[in-house]
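>>> Make a model of this:
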Amino acid sequence: MKKVKLLNILVFIFFISLTSCFTDDLDPTLEQEKSVEGSIVDVDNLYGILKGAYSRMTASGYYGRDIIITNEVRTDNCFSNGNSGRFTTQASFTYSANTGYFWDEAYATIASANIIIGTDVSNLTGDQDYGKHMQGQAYAIRALAHFDLLKQYGQQHAGGTLGVPYVTEFKGEDLFPARNTVSEVKTMIMNDLNTAFDLMSDDYYDSSKEFMSKYTAKALESRVAIYFGDWSIAKTSAESVINSGHYSIVSSSDFVGSWGQDGSSNSIFELAYNSTDNQGINGLAYIYRTTGGGSYGDVQVIDEVANEFEAGDVRGVGGILGWEGTMLRNIGKYPDNQGYDNVPVIRYEEVILNYAEALFEIDNLDPNALTQLNLIPNNRGASAYAAATKDNILNERRKELMFEGFRYDDLLRTGNDIVKYSLQQNFTSTISYGDYRLTWAIPQAEVDANSNMVQNEGY
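So this is what the prediction gives:
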């Protein structure tokens, strides 16, 4: 069986033909009969495994499409029109333990990261300082993948305490790991991000943004902290990113165009895609619009969303939004129909909004909360807010991060119901906070293979 036991597959022979989105280097691949032990003798070997970990995150089942789309069609942003039958199950909350999701992709990513983390860099030839920097990236990757798993499979919004197995060893002795609690997973995520920050060096800052840099760890820490309401941590981690001086908010005149560019000034970390990836029908663009015909275009924007943006806001109609006949679409984000655009995983604008929310929650009279919040509309052709309130912050997050997969998490972390407000939404009635459907089912094959695995309630 694979599933969590997938973590213990003997993997990675280095010198193979390229199959990842990266065209310059060799990509480690799954290989059931060969072991990685003894194969890592030089820092460059770690580089190949690291690129393999990033490559796993680009899969259509992970950041290449599904984790983003699934988190949009279950909200007040989008719905599935069923053009090709894709994402109707997710959008109607009718998934089951046999539906499948990104469990395998995330744990395969973690397995790659654990190989790097488990390597004694002091025994390798080459630039050992860079080796430690790559280990820092691996810790951040491991934290991010576990956080993604926790948000989707953890019971924190469905009345339970179970999270996901937090796997810290490649080929460890525990072949059948049990689920850690939500609290335990949170602690381990934060520990990994702190270790990542300590190990990475700003001397290796990557201007392409296709590799995590030192302050990526702090940006991700701010994301995790606001999810759990750790406002002081969110504040200090966001300030670290801001004070690094590496990033800036994209102006209104450049915002739409930035989505067709790689490594923009507002990008903190993005996953690389290019023509050799051939995402095609499995890419984000293909699912978001028809692009003049030929694409599936299953995921439409709910008509009422157009009213959320005032005239002149570059995120509204005529900018990011557009009409294809009578269908409202995401026209501007992930614009290349063949999926050649890089996919941003974390942008500077998100960190600013994390910062504004943290400042507000610590002291709702702090004038800097409003200053930080208004940095976003001031650079989008939209009106500034008169006050920093929770509703205004969440509203601005919805507008700025729309189509990037954040809305579902924002609704749940703030204890909101998934409201049925439009006939276009695929689910039949409002789904109350605490409903079992707010957490994804552990894959049935995983439950069958692992006697220690506990299924979520309702499946």
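
>>> Quick check: nearest residue in space to the residue most central in space within the chain, chain neighbours excluded?
Centroid-nearest residue in the chain: residue 345, 5.4 Å away (criterion: Cα atoms, centre = their mean). Nearest residue to residue 345, sequence neighbours excluded (Cβ to Cβ, 6 or more residues apart in numbering): residue 269, at 4.9 Å. Using the backbone N, CA and C atoms, a C-beta is placed for each residue, glycine as well.

>>> which strands and helices sit next to the host helix or strand of the one you found?
Assessed by DSSP states H and E, residue 269 sits inside strand 267-271. Judged by 3 or more Cβ pairs under 8 Å, 6 or more residues apart in numbering; DSSP states H and E, strand 267-271 is in contact with helix 214-228, strand 343-347, helix 348-362.

>>> ok, 10 Å please
When contacts are defined as 3 or more Cβ pairs under 10 Å, 6 or more residues apart in numbering; DSSP states H and E, strand 267-271 sits against helix 43-57, helix 128-153, helix 214-228, strand 343-347, helix 348-362.

>>> Distance of the residue nearest to the centre of the chain relative to residue 271?
6 Å (Cβ to Cβ, to the nearest Å).

>>> Just want the angle from whichever strand or helix holds residue 187 to helix 214-228.
Residue 187 is part of helix 182-199, with elements assigned from DSSP H and E. Going by axes from the mean of the first three to the mean of the last three Cα atoms, to 10 degrees, helix 182-199 is angled at 160 degrees with respect to helix 214-228.

>>> Buried residues in helix 182-199, which are they?
182, 185-186, 188-190, 192-197, 199 (16 or more other Cβ atoms under 10 Å).

>>> low pLDDT regions in the chain?
For the chain, the stretches with pLDDT under 70 are 1-38, 277-278, 292.

>>> Recalculate using a threshold of 80.
Within the chain, the stretches with pLDDT under 80 are 1-38, 171-174, 274-280, 292-294.

>>> before we move on, back to that, pull the CA atoms of the strand holding residue 269 into CSV?
What follows is strand 267-271, C-alpha atoms only, in CSV (Å, rounded to 0.1, in the frame of the first residue of the first chain):
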residue,chain,number,x,y,z
SER,A,267,6.6,37.8,-4.5
ILE,A,268,8.1,36.2,-1.4
PHE,A,269,8.0,32.6,-2.7
GLU,A,270,6.6,31.1,-5.9
LEU,A,271,6.6,27.8,-7.6
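
>>> chain center to that strand, what's the gap?
Chain-centre distance of strand 267-271: 11 Å, with Cα atoms, centre = their mean, to the nearest Å.

>>> List the pairing partners of it within its sheet, with orientation.
Its sheet considered, strand 267-271 pairs with strand 343-347 (antiparallel) by DSSP bridges.

>>> Keeping just the C-alphas, turn the partner strand into PDB.
Output of strand 343-347 as PDB, limited to C-alpha atoms (Å, rounded to 0.1, in the frame of the first residue of the first chain):
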ATOM      1  CA  VAL A 343       2.200  30.200  -9.000                       C
ATOM      2  CA  PRO A 344       2.800  32.600  -6.000                       C
ATOM      3  CA  VAL A 345       2.600  30.700  -2.700                       C
ATOM      4  CA  ILE A 346       3.000  33.800  -0.500                       C
ATOM      5  CA  ARG A 347       3.000  37.400  -1.500                       C
END
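
>>> shouldn't residue 166 be in contact with residue 154?
No - between residue 166 and residue 154 there is no contact under Cβ atoms under 10 Å: 11.2 Å.

>>> Which one's more surrounded, those two?
It is residue 154, of residue 166 and residue 154, that has more neighbours when counted by other Cβ atoms under 10 Å, with 25 against 22.

>>> Quick check: the more buried one vs residue 84, distance?
Taking Cβ to Cβ, one finds residue 154 at 30 Å from residue 84.

>>> list the contacts for the nearest residue to residue 117 once chain neighbours are set aside?
Leaving aside its sequence neighbours, residue 117 sits nearest to residue 138 (Cβ to Cβ, 6+ apart; 5.0 Å). Taking Cβ atoms under 10 Å, 6 or more residues apart in numbering as the criterion, residue 138 is in contact with 46, 49-50, 53, 110, 112-119, 192, 195-196, 199, 212.

>>> Now with 8 Å, please.
By Cβ atoms under 8 Å, 6 or more residues apart in numbering, the contact list for residue 138 reads 50, 53, 112-114, 116-117, 196.

>>> Quickly note the distance from residue 221 to residue 151.
Using Cβ to Cβ, residue 221 is found at 15 Å from residue 151.

>>> Have a look at those two and say which one is more surrounded.
residue 221 (29 against 22).
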